[in-house]
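*Asks:* Here is a sequence with its predicted model. Questions after.
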Amino acid sequence: MMKSRNCLDLQLKSFPRHDSFLAALVSVFLLLLFPCPMVHGQGKEYNRNSAISRVLVKGARDVLLLGYEDASRQLLEEALSFLPADSDANYLAALLDYKDGKAPYIIKDRLEKALINRNFQFYTLNEAKSLYASILAKSGSAKEALRQLTDLPNTPEKFYTEALARLALADFTAAEKLVKESVKLFPWDGRAIVAFFSYADTKYSEKLAPAAFDALPALREHYPELLVLLADYANSDEETRWLLREYRAMGYSSPLATELALKYGLVPEKRAADELFASKYIPTRKALERVFQLLSSDESRQYFTERFRGYSGYLFDGLGPDGRPALISLYDNGKLVSWLMDTFTDGKPDRELLFSSGLPDTFVHHSALSSLKLKFGNWPYIEKAVFYEENSYREYFFAPNKLYYRPVAFVSLDHSSEGPFVIEAAEALLSEKMAAMNAYRVQEGKTNDRTEIVLLDDGMPLSSVWKKNSGSSGLSFYNDEAIKIDYIDNDGDGRHESRRFWAISADNRLAEQYTELDEDGDGIYEYRETAGELKIKSWDYDADGLMDMILAEYPDGKKSYRFFYDNAKIIEAVFFKDKLLEVSENGISMPLFEDLNRNIVWIGAPIAGLAGFEPGTRYGIYNGMAYRLFFIDGTCYAQLVD
């Protein structure tokens, strides 16, 4: 007799020597040699890759049905390398990841790729939407999960997923109605009822209890946890004890079972403490607190505390409807090792805290667009804080015992200061403004560009040192929070050959004023260039500290060149779109003569018979007459010199 097996329940086997796997490889080989013909509207390469992917996915499905999970994964990886958006490959890969308990965000990413194209051939759109809705309901997106479920047919999976979503939204009335209908339609599936009694408020659980007890005979074998979940709602204490005894006799254990066994007198107090810390299950904070409250003597409480001090393992808190914890603490002999908060239980913690000798050492907070990392010195004082954004970071440094901050609170069950402790989130996240106000230094950097170290005084910048990946570096000095001047080493040779000046603009923004350049290192800045729409460039050719030429570039494209001579003569030339419009001397307009044969434009009277000039020549004498040359935008301009 042949029995069918669910693909999620197949055991791992070695790599198969099977016709299906070999057929898949042979088919791919043939497709590589003989590509399929091009379909209208699609490229030849896409059709080829699509056909190869289809063969590989079919092979992955076939070998998975035979129990070869590793081989199936390898074929899926190959399929996705040819066609990353293949819906069947992404869905089956997501299904395997789900079976292996991988983080929901990984599964969610695969399913979203599957649902974008919806080019299913071996599976259906509804199968993918059902799994996608289940992942959403378990990872903080309950409303979107309900939207995905809208058009799906009624199945046990749909009822369970919708119940999870309703519970997550605290819509207990709707969840109760769903559970009743689920039990009626699918009496063998107890997932929805288990989720309800694990999470719903007591008053709603009390209303549903009669229906749950009616369903219990059909569910107790496959869902033994119901025995414990319903124990508190039994008609009598004796019936409660029978339910708990049955659960324990079946060899099962849980934090709630231990708590109720103590509450109803099935185990002594020390036995309850032993069970909690025996590592047969992961205890919950709720169970620890309730068991401790049930202890009747100082001796029992002392015993409980000693067992906790010797405990090594995890502690869960903030369990959701599906039993996934939002808060996880790790202990080593009663001392905290780590704590994390996964608010959406999607496998991507938004807060993490590492401990050293039982005290916080490093705290990390993640969000969609940024993250924060704190390094503690003498707890609870911060030694260093780093604010990360997509392509940049700012790292603040603090003096010892300067900035006090507690991201978590230590809670002792017996209210002592010695512990052991459980952890809960405390203060709001540290703001960058608070960090800047207390830091003495900040280092800023961009992932692909610049790093800067800024010295601070009560949050106010004093000076900074910065460096770019291109090799340039510099020093910056501040006044009233704003940069006043930068000294810049442009080529990384250790010399600051330029400086840049800043000021506050009329609209109260920091704006660059001008930049100066000392090319030869003599301390005299031979070149200056202003910022803004009107750009003014100045040159000191003879290094006497006085500008010899000034170029003004206007927004409309006009350019004005002004040349300064030792005899106080000032020549100004005005261009528009590279055409010389006017030349003046000390404000008096001068005639222009264009020598087309020699490609020279004379300002004033020309020198007859003068040949062309070599580029770079500035002065010359011809037939006893001195002249001066200017080369502007490729054109040579000449003028007699008195």
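*Replies:* The structure has been received and is ready for your questions.
*Asks:* how much space between the residue minimising distance to the centre of the chain and Asp350?
*Replies:* The residue lying closest to the centre of the chain (Cα atoms, centre = their mean) is Ala368, at 5.0 Å. Distance, Ala368 to Asp350, using Cβ to Cβ, to the nearest Å: 10 Å. Heads up, the C-betas are built off the backbone N, CA and C, glycines and all.
*Asks:* again, but for Lys467
*Replies:* Remark: distance between Lys467 and Asp350 (Cβ to Cβ) = 33 Å.
*Asks:* and what of Ala231?
*Replies:* 35 Å.
*Asks:* Compare neighbour counts for the two and give me the winner.
*Replies:* Neighbours around Ala231 and Asp350, counted as other Cβ atoms under 10 Å, are more numerous at Ala231. The numbers are 23 against 17.
*Asks:* show me what contacts the more buried one?
*Replies:* Thr240, Leu243, Leu244, Leu260, Tyr264 (Cβ atoms under 8 Å, 6 or more residues apart in numbering).
*Asks:* Run me through the strand neighbours of the host helix or strand of Ile485, direction for each.
*Replies:* In this assignment (DSSP states H and E), Ile485 forms part of strand 482-489. Strand pairing for strand 482-489, determined by DSSP bridges: strand 473-479 (antiparallel), strand 498-504 (antiparallel).
*Asks:* which of the contacts of Ala231 lies closest to Ala605?
*Replies:* Nearest to Ala605 among those is Leu260, at 113.6 Å by Cβ to Cβ.
*Asks:* Near that closest one, how many other residues are there?
*Replies:* 23.
*Asks:* host element of it?
*Replies:* According to DSSP H and E, Leu260 maps onto helix 255-263.
*Asks:* before we move on, what about Ser72?
*Replies:* Taking DSSP H and E as the definition, one finds Ser72 inside helix 69-82.
*Asks:* Likewise for Trp602?
*Replies:* strand 600-603.
*Asks:* so where is the stretch 401-550 of the chain shaky, pLDDT-wise?
*Replies:* 447-448 (pLDDT under 70).
*Asks:* So which residues of it form helices?
*Replies:* In the stretch 401-550 of the chain, the helices defined using DSSP state H, counting those that start in this stretch lie at 432-438.
*Asks:* Strands along that one, start to end?
*Replies:* Taking DSSP state E, counting those that start in this stretch as the test, the strands found in the stretch 401-550 of the chain are 408-412, 421-425, 441-446, 450-457, 460-468, 473-479, 482-489, 498-504, 510-517, 527-530, 535-539, 549-553.
*Asks:* For the nearest residue to Gly545 once chain neighbours are set aside, list the residues it contacts.
*Replies:* The shortest distance from Gly545 to any non-neighbouring residue, by Cβ to Cβ, 6 or more residues apart in numbering, is to Ile524 (6.1 Å). By Cβ under 8 Å, 6+ apart, Ile524 lies in contact with Asp518, Asp540, Ala543, Gly545.
*Asks:* Show me which of those is closest to Leu167.
*Replies:* The closest of these to Leu167 turns out to be Asp518 (Cβ to Cβ; 71.3 Å).
*Asks:* The closest one reaches Asp489, doesn't it?
*Replies:* No - here Asp518 does not reach Asp489: they are 11.5 Å apart, not a contact under Cβ atoms under 8 Å.
*Asks:* Between the two, which contacts overlap?
*Replies:* Taking Cβ under 8 Å, 6+ apart as the contact rule, Asp518 and Asp489 both touch Glu497.
*Asks:* Tell me the secondary structure at Leu226.
*Replies:* When classified by DSSP: H, G, I helix; E, B strand; the rest coil, Leu226 comes out as helix.
*Asks:* burial count for it?
*Replies:* So Leu226, with other Cβ under 10 Å, has 22 neighbours.
*Asks:* how near is it to Leu219?
*Replies:* Taken as Cβ to Cβ, the span from Leu226 to Leu219 is 6 Å.
*Asks:* what do those two both touch?
*Replies:* Common neighbours of Leu226 and Leu219 (Cβ under 8 Å, 6+ apart) are Gly190, Ile193.
*Asks:* can you give me the helices in the stretch 201-350 of the chain?
*Replies:* Secondary structure of the stretch 201-350 of the chain (DSSP H, counting those that start in this stretch): helices at 202-219, 225-229, 237-249, 255-263, 269-276, 285-294, 298-309.
*Asks:* remind me which residues of the protein are low pLDDT?
*Replies:* 1-42, 447-448, 567, 598, 610-617, 633, 642.
*Asks:* could you redo the last one with a cut-off of 50?
*Replies:* Across the chain, the ranges flagged by pLDDT under 50 are 1-18, 21, 25-26, 28-41.
*Asks:* one step back: of the helices of the stretch 201-350 of the chain, which approaches Gly587 most closely?
*Replies:* Using Cβ to Cβ, the nearest of the helices of the stretch 201-350 of the chain to Gly587 is helix 285-294, at 87.2 Å.
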